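Participant: next input, structure requested:
(chains A and B)
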Amino acid sequence: MSATVNTLVNQPYKYGFITDIEADTIPRGLSEDVVRLISAKKNEPEFMLEFRLKAYRQWLKMTEPTWPNVQYPKIDYQNIIYYSAPKQQKAKLNSLDEVDPTLLETFEKLGISLSEQKRLSNVAVDAIFDSVSVATTFKEKLAKDGVIFCSISEALQEHPELVQKYLGSVVPVADNYFAALNAAVFSDGSFVYIPKNTKCPMELSTYFRINSGDTGQFERTLIVAEAGSSVSYLEGCTAPMYDTNQLHAAVVELVALDNAEIKYSTVQNWYAGDENGKGGIYNFVTKRGLCQGVNSKISWTQVETGSAITWKYPSCVLIGDNSVGEFYSVALTNHKQQADTGTKMVHVGKNTRSTIISKGISAGGSSNSYRGLVKVNPKAVGARNYSQCDSMLIGDNAHANTFPYIQVQNNTAQVEHEASTSKIGVDQLFYFSQRGISAEDAISMMISGFCKDVFNQLPMEFAVEADRLLSLKLEGSVG
Amino acid sequence: MSRQSSTAIPNSDETVGLTSVLVRDAYLTELLKQCQGLIQVIEPEVAWMQEIRDRAAAWVRQSTIPTTRDEEWRFTDLSPLRQIAFQVETQSITSLLDITPLTLPEAANSRLVFINGVYAPDLSAVVDLPDSVVVSNLTGLPLEYRSRVRDYLAQQQGTQEVFTALNTAGITDMAVVWIPKNLVVETPIHLLFISTASGTPIISQPRCLVVAESGSSVTLIEEYTHRRDVAEAAVYFTNAVTEIWVEENAQVNHTRIERESGTAFHIGKSVIAQARDSRYTCNAITLGAKLSRHNLEVFQTGEQTETTLNGLTMIALQQLADTHSAIALNHPYGTSNQLHKCIVADRAHAVFNGKVFVPKAAQLTNAGQLNRNLLLSPKARVDTKPQLEITADNVKCAHGATVSQLDDEEVFYLQSRGLDEDNARKLLINAFAAEIINQLPLVSLRERLSTAVSKQYSALSLKR
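Facilitator: Next comes the predicted model:
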């Protein structure tokens, strides 16, 4: 049976192609001049340059964290290109038709159609290629409802006051090593603003594509949901196959005011390196949501299948009374992938609630760690948390670890944590084969059953996609 | 979250350089000097001990007292300890002491008593045991055993750690329990460590070595307590280390009770090596000390072992109690079961960190771990981290943790049966503790601890 499993697992990465496009790239290395250069290239307002310089100076004083349960050679930060953008003839595009057809083709190939006419699904997309946003669809339609959805560089030109107010308010510039690096050099990202009492009429989505081989991608996403509004947002990521490792250090900030609701879903499929662990993306990401208002809600759903190393903890800071934080995650690692991921739920306000459902699947020689923090502050009366993290091991070279931190300083809190580890049993497979179902199908069925709690949280189209992605990734790995 | 803790537990046998020039931690060096001051004459039979001490001392000199920046001590701040200059006790006051309230009727004649870390022969009594059983301090040890101790003392694998090394560096005496092959010892053995500090702050470093040879069985009560007839004002520091070897098919039931005075510091380590088919049970009860830490490490050295760890921490006022346990299942077919409970009142702070390692070799392992915490007052605090590290795929591992207060519905239920609220709450607390207390092997101990629970929380107004 292990032979079947092995052939199944070794599915090639189908997004690994490289787009040959002329790019505007700055020299390798990082210095104050580079930070200034990036800021100047993007024609940013003065406060942004200060923000970046402050972050850069803080970053110089910080050291790279060593506590995650991952191993990688030291990153040479002077050997990374911090800005790379596809060259465009004109400074500002009037319509999508002016976008370089090679780019459109690239996204087409990735299954993301940027030509709105052809789109059937009700999803607005912001496509980011290396360091810059290429196009944002459905902008006009969204604008009718007052929703702002654009790249963050555009937002800096058109709505600087909003950006200034919220940028860095959730993840301070010196929050951690990689967040500080991001704050100094981030090139683009998405900006979403949902006005009061507005339900965003369509799903918003950002698609990230790393193309260049030596570029680090540092994007920054900021979503602000005003009182009474709601939005569902999805990000997807792919990268070509290179032998070298590329650094991706993103920051995502969410702000939910009174009664607002933000749902943030991620399907992460960066190139994970080959079966010997060569190449792949280092995905060192800081994601945090602030439930600032009463009854606000932030929900993170993530499907992590790619990246050589994943290091991310989408968190919720529950400040508003009765606010709700949710975290649903499926993390799949295969070959030599390493993932140290989980969440942080910080309860500050009264009667705040949080739910954590984490499913880890580790196959091959990979390592998959859940690391979570549930913290109940002294004033969080009536806080409630339920955490469940299940691991599934496929093959006996895979690692599954759990490091849940539970810190409670209020006696009215109720915190529950459960974790289990299991495997796909021979008897289960036998049961399926009795009913005429092949081992492969049985495994993919069991995996999707294992992950059902999480997939149910994804927007419909993506749930199907995630399910397929997972079974593809695992093909041949069970035995 | 140091990288060390996330991989395998490093082996203590690493050779340590004996030369160290730099003094890294002046406070620690002074402690070491104090502890080594007790070492007197080296008897020829135990000359090898000096080597062990030197090796540990060299390690201590290169170390520092951990701070909250160390992952393993993140929630336990040792800075209050550093403010006190501890000294070793040089005089013995043994015979003046009435220890009747501290003894156990079941183990009246199978008892070793140490006062401030010094063996008290006139308070100890070892008559009820079969002749072949050795229960003695180091100097009283039969000659043939002295050389055998060498194969076991400080030979346990386990995390190298500054306090353990400090203890080893200052070994002068120890309690030795040696059960020969295939002998089942019915009478429980009581190792009683009493602190009598008054005035000068004292450091004592108790040490136990337990060897249960193959096929034997023993019940062991290890107790750290203080003199009850003086006011609880004296500050002292107990740094205890216990090594237990459970050989093939042997069985050890180990109860460890820590009831130090409310101003004391207690840092203890229990390391257990379990050979194939052995069974080990630990009941760790923590009631006392201003700051206490128990490091419990179990290493499986053969297949098919059974490990049961029960823990109960009951603290109030400003106490801090920290339990760090690690179970390394390195062979197939092992079973481990852990239940650790904490009852935290007032401004007390309980810490629990339970690690379970299941590497690739440990197929068909079954490991369970549950940590339950009861918070009785608004300022009580709990930090818990149950941690699983698994590489084998054909295993069943689960862990859980809960933190809550008493359930209002349960209280209401009891009230509807005619109990007043205060009594209803006390009954529920007692029941919470009873799950562990009932596991204790001796009736007298169970009674004593149940009383302690009621006493601990009677002062507390439990009404909300």
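Participant: can you list the weak-confidence ranges in the stretch 251-400 of chain B?
Facilitator: Of all residues in the stretch 251-400 of chain B, none has pLDDT under 70.
Participant: where's the residue of chain B most remote from its centre relative to residue B:409, distance?
Facilitator: Relative to the C-alpha centroid of chain B, counting by CA atoms, centre = their mean, residue B:416 is the outermost residue, at 41.2 Å. Going from residue B:416 to residue B:409 by CB to CB, to the nearest Å gives 10 Å. C-beta: built from backbone N, CA, C; applies to glycine.
Participant: hang on, the earlier thing: show the backbone phi and psi for the residue farthest from the centre of chain B.
Facilitator: The phi/psi pair for residue B:416 (degrees, to the nearest 10) reads phi -70, psi -20.
Participant: name the residues of the stretch 51-200 of chain A found near chain B, please.
Facilitator: Residues of the stretch 51-200 of chain A lying close to chain B by CB under 8 Å from any CB of the partner chain are A:66, A:67, A:68, A:69.
Participant: mind giving me a markdown table with those residues and columns for pLDDT, neighbour count and secondary structure?
Facilitator: As requested, those are exported to a markdown table (pLDDT from 0 to 100; neighbours: other CB atoms under 10 Å in any protein chain shown; DSSP: H, G, I helix; E, B strand; the rest coil):
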| residue | pLDDT | neighbour count | secondary structure |
| --- | --- | --- | --- |
| A:66 | 82 | 9 | coil |
| A:67 | 81 | 14 | coil |
| A:68 | 82 | 23 | coil |
| A:69 | 82 | 21 | coil |
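Participant: residue of the stretch 251-400 of chain A nearest chain B, please.
Facilitator: residue A:393 (3.9 Å; CB to the nearest CB).
Participant: nearest spatial neighbour of that residue, chain-adjacent residues omitted?
Facilitator: Counting by CB to CB, 6 or more residues apart in numbering or on different chains, the nearest residue to residue A:393 once its immediate chain neighbours are dropped is residue B:393, at 3.9 Å.
Participant: returning to what we had before: what separates the residue farthest from the centre of chain B from residue A:401, distance-wise?
Facilitator: Taking CB to CB, one finds residue B:416 at 46 Å from residue A:401.
Participant: for residue A:26, same thing?
Facilitator: 39 Å.
Participant: the two: which is more packed in?
Facilitator: Ranked by neighbour count (other CB atoms under 10 Å in any protein chain shown), residue A:26 and residue A:401 place residue A:401 first, with 23 against 17.
Participant: residue contacts, the more buried one?
Facilitator: Residue A:401 is in contact with A:69, A:367, A:368, A:369, A:370, B:6, B:387, B:388, B:389, B:390, counting by CB atoms under 8 Å, 6 or more residues apart in numbering or on different chains.
Participant: next: residue A:143.
Facilitator: With CB under 8 Å, 6+ apart, residue A:143 has no contacts at all.
Participant: quick one: the helix or strand harbouring it to chain centroid distance?
Facilitator: Residue A:143 is part of helix A:139-144 when elements are defined by DSSP states H and E. With CA atoms, centre = their mean, to the nearest Å as the basis, helix A:139-144 stands 25 Å off its chain's centre.
Participant: returning to what we had before: the residue nearest to residue A:393 touches residue A:396, doesn't it?
Facilitator: Yes: if you go by CB atoms under 8 Å, residue B:393 and residue A:396 touch, sitting 4.6 Å apart.
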